[in-house]
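K.L.:
what would the 3D arrangement of this be:
(chains A and B)
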Amino acid sequence: MSQARAVQAEASGLDGLSLQQRMELQYEIEQFLYAEAAMIDAREYRAWLDLWTEDCSYWMPIRRTVTLSDIDKEFTKRGDMSFFDDDKKALAMRVTKMESGSSWSEDPPSRTRHFVNNVRVVALEGSEITVELAFSLYRTRLNTEESMWAGRRVDRLRRVNGALKLCGRDIYLEQTLIRATNMSTLF
Amino acid sequence: MDLVQEPGGTPSKAEIRSYFDPADGTLDRRVFADQEIYDLEMRNIYARAWNFMCHESQIPNPGDYFINYIGEDQVIVVRDKQGEVQVLLNTCRHRGNALCRAEQGNAKSFVCSYHGWNYDLNGDLIGVPGMSAYYRKDFDKSQWGLAKAAQVDHFHGFYFATLDPDTPPLPDYLGEVGRIGLGLLVANGPVEIVDGIQKNVIDCNWKIAVDNLFDWYHVQYSHASAGIAGFMDIAAILHPKNQMVMFGDYGHAISGPVITPERQAEIDAMTDEQRLAVAAAGMLKDPNRPVVPPRLSAARELLGPTGVRCMGHPNIFPNLWVSTNGTQLSLRLPRGPFATEIWWFTVLPKAMPEEVKKKQIAFSAHLFGPAGMLEQDDGENWSQSTRASRGVKARGYRHHMAMGLGQDEVLTDASGTSRVETTISEHAQRWLYTNWMNWLTADSWAELKANHPSFPKGRA
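P.N.:
Coordinates of the predicted model:
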């Protein structure tokens, strides 16, 4: 077993699950994340907001081009500057803004397509499930603006009254200088 | 000579003087689209001006460096072994390759990744592979050190550099309005930069972004959705009847709300402890409804009797915006006529309580930057305004920049600095372009100083 896999099994709390249980969990989580992505792409922002717990966190640190010797400083730390550092209230404001009819960065609306893959359940702790995945987000705006963002996400999900909810999302982009007029879309 | 169009298409001085008409407040749209004008801006403005580099807290130790730009020249801002800040052109003297390819970090020396030329932190060439075997010692290293900025200086830890040896000293270049503008950053004591510079690129001309920072007219409409979303009470931050524009040397200006003399008198009667308590309570209660934090009593000496009342947006010409009451800095780095990199630095007083810092950082992250509740909408307006300057027909229509023209009385401080206290206006934009033309038409610093537009008098 590779060191990475050994560390994962040890840290995950998953080793008590049978293969069948793991497959069912994987299926359930993937279906949830696909549905969530489809909701954003269909511009169902209000319904999307309901997927988040009240104590949620949505965070995208700033990434820098650094040398290998400084690689631990590649991303800003929590509490330093970021692109997104939202709680539920801030996410709700973003949604209200997009619905307002005067959010010029989203009216005319962007066209987005979220791709979610390489989904791995990496930890089970109480009612919380930590998932790592690769995403890509293709966006066009007006007739000429085109953005392609890819990255790694660490999502935290929680069962609330039997249903899965999102309680955390850390977004690690594969860009340093953001090559876009804005990031008015949801990741 | 002046009237001749050079073969490369560089506009004549007479033509440049036609771009902005201070008498009717209109601006030629070609200034946003012509490559020749952009090239002239690089030579006559960016290569001559003091350009913001970084704050001392970003490079505290020897070897710490931060990459920035002077126009299109990439520079390494580095603290050398003696503790001095050096500004070196990030280009090897051998084949021109970049020495630093990271945005920031720490280096013992700068080694070129192409052939291994090695430069000391002060730019001296200290190592050349093959000195004996290949060059056969026929090479004078002392002549091939890195190119350097002509002058480096700082204002309260904010470092600037210029490529021109004739640029006036930084305090003279800033003048009173520039010193007030930067002074807002340190009005509540020594500061540091929060880790993480937000950077994105907008398809707009850099001057559209600079114009916008003076512009309190767009706020109610461009940013209406931030108000509807409950992020910010747009009406409450506008103070449309209490606006001030200060006219600074070489095109610096400050535009935006001003504390009324009555409110300032109330602040003056408070102790520093009371002022700190009001500021902290405002931020902790609701960071999205910021009360204007009263500045500490020492700020009056730093900013002067007018500057201490300033809540507006200063621009240090050409491209440094001191924003949101001195808590953020934005650089607008030109990348050709049709693109601008926007960099956001977040500035906090070192003595601010941790709990308040946390709120302030979160507020700054929500406000500006590409995902900011306000700035999201700016980028698209700026890029579309720039785009429309390219059309053969459209570019024939000049921008209207005449709001308040000739309608306000100019007040002059004992120090000689002019200002207007009025409603929302476009005085600052007109001052920007009046000075911009002066920079473009001057062949040297001597000429620039000689042709320096005098501060408005009487009515503006």
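K.L.:
which residues of chain B score low on pLDDT?
P.N.:
B:1-8, B:287-292 (pLDDT under 70).
K.L.:
so which bits of the stretch 351-460 of chain B are right by chain A?
P.N.:
Residues of the stretch 351-460 of chain B found near chain A (CB under 8 Å from any CB of the partner chain) are B:358, B:361-362, B:364-366, B:369-371, B:373, B:375-377, B:379-381, B:383. Backbone N, C-alpha and C define where each C-beta goes, glycine included.
K.L.:
just the ones in helices from the residues you listed, please.
P.N.:
Using DSSP state H, the subset of these located in helices is B:358, B:361-362, B:364-366, B:375-377, B:379-381, B:383.
K.L.:
now these as JSON lines including distance to residue B:344 and neighbour count?
P.N.:
Below are those laid out as JSON lines (distance: CB to CB, whole Å; neighbours: other CB atoms under 10 Å in any protein chain shown):
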{"residue": "B:358", "distance to residue B:344": "18", "neighbour count": "15"}
{"residue": "B:361", "distance to residue B:344": "12", "neighbour count": "22"}
{"residue": "B:362", "distance to residue B:344": "14", "neighbour count": "18"}
{"residue": "B:364", "distance to residue B:344": "8", "neighbour count": "26"}
{"residue": "B:365", "distance to residue B:344": "9", "neighbour count": "28"}
{"residue": "B:366", "distance to residue B:344": "12", "neighbour count": "24"}
{"residue": "B:375", "distance to residue B:344": "9", "neighbour count": "26"}
{"residue": "B:376", "distance to residue B:344": "13", "neighbour count": "28"}
{"residue": "B:377", "distance to residue B:344": "16", "neighbour count": "26"}
{"residue": "B:379", "distance to residue B:344": "13", "neighbour count": "27"}
{"residue": "B:380", "distance to residue B:344": "18", "neighbour count": "23"}
{"residue": "B:381", "distance to residue B:344": "18", "neighbour count": "18"}
{"residue": "B:383", "distance to residue B:344": "18", "neighbour count": "24"}
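K.L.:
and stretch B:183-195, which residues are buried?
P.N.:
Neighbour-count burial for stretch B:183-195 flags B:183-188, B:191-195 (criterion: 16 or more other CB atoms under 10 Å in any protein chain shown).
K.L.:
what secondary structure does the residue of chain B found nearest chain A sit in?
P.N.:
Nearest residue of chain B to chain A (CB to the nearest CB) works out as residue B:196 at 3.1 Å. Under DSSP: H, G, I helix; E, B strand; the rest coil, residue B:196 falls in the coil class.
K.L.:
just checking, it touches residue A:62?
P.N.:
Yes - counting by CB atoms under 8 Å, residue B:196 does reach residue A:62; the two are 4.1 Å apart.
K.L.:
what's the overlap in contacts for those two?
P.N.:
Common neighbours of residue B:196 and residue A:62, using CB atoms under 8 Å, 6 or more residues apart in numbering or on different chains, are A:76, A:80-82.
K.L.:
which pair in those spans the largest distance?
P.N.:
Across the shared contacts of residue B:196 and residue A:62, the two members that end up farthest from each other (CB to CB) are A:80 and A:82, 7.0 Å apart.
K.L.:
the two: who's more crowded?
P.N.:
For the pair residue A:80 and residue A:82, the greater number of neighbours falls to residue A:82 (27 against 16), based on other CB atoms under 10 Å in any protein chain shown.
K.L.:
show me the contacts for that one.
P.N.:
Residues in contact with residue A:82, defined by CB under 8 Å, 6+ apart, are A:59-62, A:76, B:196, B:365.
K.L.:
and the gap between it and residue B:441?
P.N.:
According to CB to CB, to the nearest Å, residue A:82 and residue B:441 sit 43 Å apart.
K.L.:
list residues touching both of residue A:80 and residue A:82?
P.N.:
Here residue A:80 and residue A:82 share the contacting residues A:61-62, B:196, scored by CB under 8 Å, 6+ apart.
K.L.:
make a PyMOL selection of the buried ones in those.
P.N.:
Selection of the buried residues among those in PyMOL, burial being defined by 16+ other CB under 10 Å:
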select buried, (chain A and resi 61+62) or (chain B and resi 196)
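K.L.:
so where does the closest residue to residue B:45 other than its chain neighbours fall, helix or strand?
P.N.:
Distances taken as CB to CB, 6 or more residues apart in numbering or on different chains place residue B:439 nearest to residue B:45, at 4.8 Å, with adjacent residues excluded. Element membership for residue B:439 (DSSP states H and E) is helix B:427-441.
K.L.:
for residue A:172, same thing?
P.N.:
Following DSSP H and E, one finds residue A:172 within strand A:163-173.
K.L.:
all strands of chain A, in order?
P.N.:
For chain A, the strands defined by DSSP state E cover A:52-61, A:82-86, A:111-125, A:128-141, A:145-160, A:163-173.
K.L.:
now do the longest one against strand A:52-61, angle only.
P.N.:
When you say that, I think you mean strand A:145-160. When axes from the mean of the first three to the mean of the last three CA atoms, to 10 degrees is applied, the directions of strand A:145-160 and strand A:52-61 differ by 140 degrees.
K.L.:
can you dump the C-alpha coordinates of strand A:145-160 into PDB?
P.N.:
C-alpha atoms of strand A:145-160 as PDB (Å, rounded to 0.1, in the frame of the first residue of the first chain):
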ATOM      1  CA  GLU A 145     -15.600  36.800 -22.400                       C
ATOM      2  CA  GLU A 146     -14.500  33.300 -21.800                       C
ATOM      3  CA  SER A 147     -13.100  31.800 -18.500                       C
ATOM      4  CA  MET A 148     -11.900  28.400 -17.700                       C
ATOM      5  CA  TRP A 149     -11.200  27.700 -14.000                       C
ATOM      6  CA  ALA A 150     -10.000  24.400 -12.700                       C
ATOM      7  CA  GLY A 151      -9.000  23.400  -9.300                       C
ATOM      8  CA  ARG A 152      -9.300  21.200  -6.200                       C
ATOM      9  CA  ARG A 153     -12.200  21.400  -3.800                       C
ATOM     10  CA  VAL A 154     -12.500  20.100  -0.300                       C
ATOM     11  CA  ASP A 155     -16.200  19.900   0.500                       C
ATOM     12  CA  ARG A 156     -17.600  19.100   3.900                       C
ATOM     13  CA  LEU A 157     -21.100  17.500   4.000                       C
ATOM     14  CA  ARG A 158     -23.300  16.800   6.900                       C
ATOM     15  CA  ARG A 159     -26.400  14.800   7.400                       C
ATOM     16  CA  VAL A 160     -29.200  16.900   8.700                       C
END
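K.L.:
got the angle for that strand vs strand A:128-141?
P.N.:
Using the same axes, to 10 degrees: strand A:145-160 against strand A:128-141 is 160 degrees.
K.L.:
mind giving me the packing neighbours of strand A:145-160?
P.N.:
Strand A:145-160 sits against helix A:19-41, strand A:128-141, strand A:163-173, with contacts defined as 3 or more CB pairs under 8 Å, 6 or more residues apart in numbering or on different chains; DSSP states H and E.
K.L.:
what does the first one give?
P.N.:
Counting contacts by 3+ CB pairs under 8 Å, 6+ apart, strand A:52-61 packs against strand A:82-86, helix A:88-99, strand A:163-173.
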